[in-house]
Structure formats: C-alpha cells, structure tokens
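Colleague: pasting a predicted model and its sequence here:
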Amino acid sequence: MNNIKMKRFVLILLTLLLTYANTWADEVQCDTIEAVKHDAPRKLSLIRRIIRGFDRLDKNYIEPQHYLFTTMLQASYIYDIYTVRGGEEQTITFAPDASLKIGPYIGWKWIFGGYTFDMRNLTLFRNKQEWDLSIYSSQIGIDLFYRRTGRDYKLRVADFGDDIDTAPLDGISFNGVKAGITGVNLYYIFNHGHFSYPAAFAQSTCQKVSCGSWMAGIGYTKNTLDLDYVQLQDLLSKRLAPQEVKLDSGLMFNSVRYNDLNISAGYGYNWVFSPDWLIGVSGQMALAYKKTVSDMDEGNRRGFDIDNINVNGIGRFGIVYNNTRWYTGFSAIVRMNNYHKHRFSTSNIFGTMNLYVGYNFGLRKKYRNK
C-alpha cells in the first residue's frame with residue numbers, strides 16, 4: 001500500500017470512528033452498566049462503554065447540541081502574506097488585497113461546510129480555490145484544508161539594503177507568484193469533559209462555566225510557492241532604475257515545495273462572562289519537520305534539497321452568543337508557517353476574520369419533551 005492509499009485509509013478509519021462515537025453518544029442513553037448489558041453481548045457492551053466514555057462531557061460545564069442541523073450565513077475577511085528572504089539579506093513581501101467573502105453554510109451534527117463568494121469580483125479570481133472541512137467530537141477534532149491562490153499578489157515591502165530606495169515598488173501588482181497549501185490536522189483536547197472547543201469556534205455546544213484545557217495534536221501539510229524570478233528581476237530593473245539591484249541567488253528559483261510533519265501543543269480558555277455569551281482564546285505552537293525541494297533552471301541549479309525543523313503557530317479568538325436555537329458571533333484565526341535556511345527562507349501568514357449568524361433546527365429526540 002503506497003503512502004497516498006495509507007493516508008486515505010487512516011483518514012477514513014478516523015472519520016468512521018468519530019462518526020460511530022458521536023452517534024452512539026447522542027442516541028444511546030445508558031445510566032448504568034447494567035442497562036447497557038441488556039442491549040448487547042458483554043464484550044460488545046464493553047466496547048460501546050469505552051466509546052461512550054471517550055465522548056462524554058459534563059453537562060454542568062457544557063450544554064450539548066440540542067439540534068441535528070444548522071444553517072448559517074457568514075462574512076469572511078481574508079488576508080494572505082508571503083515573505084521570501086535571500087541569503088544576502090534581501091527581503092520581499094507579497095500580499096494580495098484582502099478579500100471579503102460571503103456565503104451560506106450548513107451542518108449536520110459535527111460536520112460543517114459551505115461555500116463563499118468573493119464580493120470584490122465574482123469572475124476575476126476564479127483561479128483561486130479554497131475549501132475546508134472540520135470534524136468535531138467533544139474530545140477530538142480533524143481539520144482538512146486545501147487552498148490555491150490566484151496571481152493577484154502585490155509587492156508590499158522590499159528591502160535590498162539601506163542604500164536602495166524601494167518606494168517605487170510599493171503596491172505594484174506582480175502576477176509571478178502563486179502559492180498553495182494542502183493538509184490535515186488532528187488534535188486532542190485533554191479537559192474535554194469541562195472545556196468545549198467547538199463552543200467557541202464551531203457553535204455546536206454551549207459552554208456554561210468558564211474553563212480551559214491543554215491541547216495536543218499532529219498534522220501534515222504540503223506547501224507550494226511558485227516564483228517567476230525572471231519577471232521579478234525585470235520589474236526591479238524597470239521600477240528602481242537608475243539604481244541597480246540584482247536578486248540574490250537564493251531567490252532565483254521557479255518553485256519551492258515542502259512537506260512537513262508536525263506535532264503541536266497549546267492551551268485554550270473559554271470565558272463565560274454572561275449567560276449565553278462566551279469569549280474563547282486558544283494558541284498552539286507546532287514543531288514541524290520539513291522536506292523541501294526547489295526546482296530551478298538548469299543553468300542555475302544548486303543543491304537545494306533541505307531537511308529542516310521549524311516552528312509554526314496558530315492562534316484563535318472568538319466571541320459568541322448562543323441560546324442553543326440562535327447563535328451569532330465573531331472569530332479570528334491566524335496561521336503562521338515558517339521555513340528557514342541560511343540561503344533561503346519563507347514565511348506565510350494566513351488569517352481569516354468571520355462574522356456570522358446561524359439557526360439550529362431538527363430537535364433531537366431526547367430534548368423534545370423538555
């Protein structure tokens with residue numbers, strides 16, 4: 001079984017496990033071990049009790065989701081910043097204009113997805129592709145994501161030394177950059193019985209008492225960065241003339257692709273400052289082992305296959321009102337990925353701010369008579 005098939009198999013297995021755990025926790029009501037024994041053989045009952053405990057939460061701290069379905073309208077403000085650095089202290093930062101996207105979402109239990117439209121222009125940036133899928137239980141979360149940028153970057157900051165005036169480059173469009181990221185993150189919430197991560201960032205439960213938890217996880221991402229350095233050199237020569245600027249050899253590449261495996265740890269806290277109101281904050285740092293490959297023109301080919309270890313990070317902030325039927329709120333998520341080597345380094349900051357309003361429906365059986 002090759003690596004791709006193995007990854008798919010593991011992902012499917014995890015998804016099925018979470019599906020079974022969540023369905024059993026929601027639909028089966030067992031107050032005692034003896035009650036479970038009447039429903040299944042003893043060995044099967046033990047497995048079910050283990051899964052039941054795996055997804056258990058303390059209702060004194062967390063109010064479970066009362067409904068099977070949810071629908072939501074969300075507006076997202078998205079920004080993306082890429083910085084590349086050469087070995088001779090040359091630094092260039094690219095970033096497109098921030099985009100505003102609006103669209104509907106729909107969810108079933110802990111699976112949630114939707115589609116948003118770029119309100120700046122509905123046709124110009126069709127070559128941009130983004131989707132993500134989040135799967136939550138009370139104890140484990142899985143994030144799947146895929147993103148491909150368009151070629152609408154602009155030069156935001158450039159530094160070629162103190163004697164070079166780079167003001168003529170500010171805000172200049174440059175279509176020679178294209179970036180992408182594909183990945184999966186799996187994380188575990190230790191204090192999941194008392195702390196609800198989905199209450200702050202997925203609106204699927206309600207935190208009743210302020211509480212925090214440590215978190216740990218693993219992840220895999222594949223990153224790509226394409227740079228037309230010939231076009232970039234031509235732009236520098238034209239805009240900075242009569243100043244002479246030659247790109248550092250570390251920046252003269254066609255594409256960089258790096259895969260990383262990471263382990264992460266962090267802490268989250270939910271502050272219930274008023275009934276039905278919540279402020280959630282979390283941060284995680286990841287130690288990433290990266291395998292990097294750069295493809296270059298034959299005339300400029302150098303040893304650029306690199307194994308490296310770097311630190312990545314993700315921060316989240318959210319404020320939510322949720323009365324179990326209606327919910328609304330604001331959230332901000334910032335991801336930072338880094339790769340550093342003495343001849344070349346790159347860092348990417350990708351952030352999203354969301355404003356949303358949603359409605360839950362399809363009351364679960366166990367809440368219909370309450």
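Modeller: Okay, I see it.
Colleague: after the one helix or strand Met215 maps to, which helix or strand is next?
Modeller: Taking DSSP states H and E as the criterion, Met215 maps to strand 211-227. Going down the chain from strand 211-227, the next helix or strand is helix 229-240, by DSSP H and E.
Colleague: work out the gap between the strand holding Met215 and the centre of the chain.
Modeller: Its chain's C-alpha centre and that of strand 211-227 lie 7 Å apart, by CA atoms, centre = their mean, to the nearest Å.
Colleague: which residues of this protein score low on pLDDT?
Modeller: For the chain, the stretches flagged by pLDDT under 70 are 1-55, 110-112, 119-130, 132-134, 136, 292-307, 370.
Colleague: okay, domains of it per the record?
Modeller: 1-56, 58-367 (automatic domain parsing).
Colleague: make JSON lines out of those domains and add mean neighbour count.
Modeller: From N, CA and C alone the C-beta is placed, and that goes for glycine too. Formatted as JSON lines, these follow (neighbours: other CB atoms under 10 Å):
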{"stretch": "domain 1-56", "mean neighbour count": "13"}
{"stretch": "domain 58-367", "mean neighbour count": "17"}
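Colleague: for the chain, which segments count as helices?
Modeller: For the chain, helices defined by DSSP state H occupy the ranges 3-27, 33-37, 42-54, 197-201, 229-240.
Colleague: so which elements touch the fourth one?
Modeller: What that stands for is helix 197-201. The contact analysis (3 or more CB pairs under 8 Å, 6 or more residues apart in numbering; DSSP states H and E) places helix 197-201 against strand 206-207, strand 255-274, strand 277-295, strand 306-322, strand 326-340.
Colleague: direction included, what does the shortest one pair against?
Modeller: Strand 206-207 pairs in its sheet with strand 62-63 (antiparallel), by DSSP bridges.
Colleague: identify the residues contacting the strand it pairs with?
Modeller: Ser138, Gly193, His194, Phe195, Ser196, Ala199, Thr205, Cys206, Gln207, Lys208, Thr324 (CB atoms under 8 Å, 6 or more residues apart in numbering).
Colleague: contacts only, for the first one.
Modeller: Read that as Ser138. Listed by CB under 8 Å, 6+ apart, the contact partners of Ser138 are Ala25, Asp55, Arg56, Leu57, Ile62, Ile189, His192, Gly193, Ser196, Pro198, Thr205.
Colleague: and those residues as TSV, adding distance to Ser173?
Modeller: Converted to TSV, the contacts of Ser138 look like this (distance: CB to CB, whole Å):
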residue	distance to Ser173
Ala25	52
Asp55	50
Arg56	54
Leu57	50
Ile62	49
Ile189	43
His192	47
Gly193	52
Ser196	44
Pro198	40
Thr205	45
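Colleague: closest one to Ala332 out of those residues, please.
Modeller: Taking CB to CB as the measure, Ala332 sits nearest to Pro198 out of the contacts of Ser138, at 16.8 Å.
Colleague: excluding its backbone neighbours, what's nearest Val272?
Modeller: The spatially closest residue to Val272, leaving aside those adjacent along the chain, is Ser210, at 4.9 Å (CB to CB, 6 or more residues apart in numbering).
Colleague: now tabulate the helices and strands packed on helix 197-201 in TSV and tack on distance to Tyr79.
Modeller: Supplementary listing: the helices and strands packed on helix 197-201 in TSV, determined by distance: least, CB to CB, whole Å:
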stretch	distance to Tyr79
strand 206-207	29
strand 255-274	21
strand 277-295	19
strand 306-322	14
strand 326-340	9
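Colleague: relative to Thr91, which of those strands is closest?
Modeller: Here strand 326-340 is closest among these (CB to CB), at 12.6 Å.
Colleague: give me the sheet partners of that closest one and which way each runs.
Modeller: When DSSP bridges is applied, strand 326-340 pairs with strand 306-322 (antiparallel), strand 344-363 (antiparallel).
Colleague: quick one: those as a markdown table, columns for distance to Ala158 too.
Modeller: A markdown table is the format used below for these (distance: least, CB to CB, whole Å):
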| stretch | distance to Ala158 |
| --- | --- |
| strand 306-322 | 23 |
| strand 344-363 | 15 |
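Colleague: follow-up on the earlier one: which one, of the helices and strands packed on helix 197-201, ends up nearest to Gly161?
Modeller: Here strand 326-340 is closest among the helices and strands packed on helix 197-201 (CB to CB), at 20.4 Å.
Colleague: what residues does the closest one touch?
Modeller: By CB under 8 Å, 6+ apart, strand 326-340 touches 181, 200-201, 203, 221, 223, 258, 288, 290, 292, 308, 310-322, 345-360.
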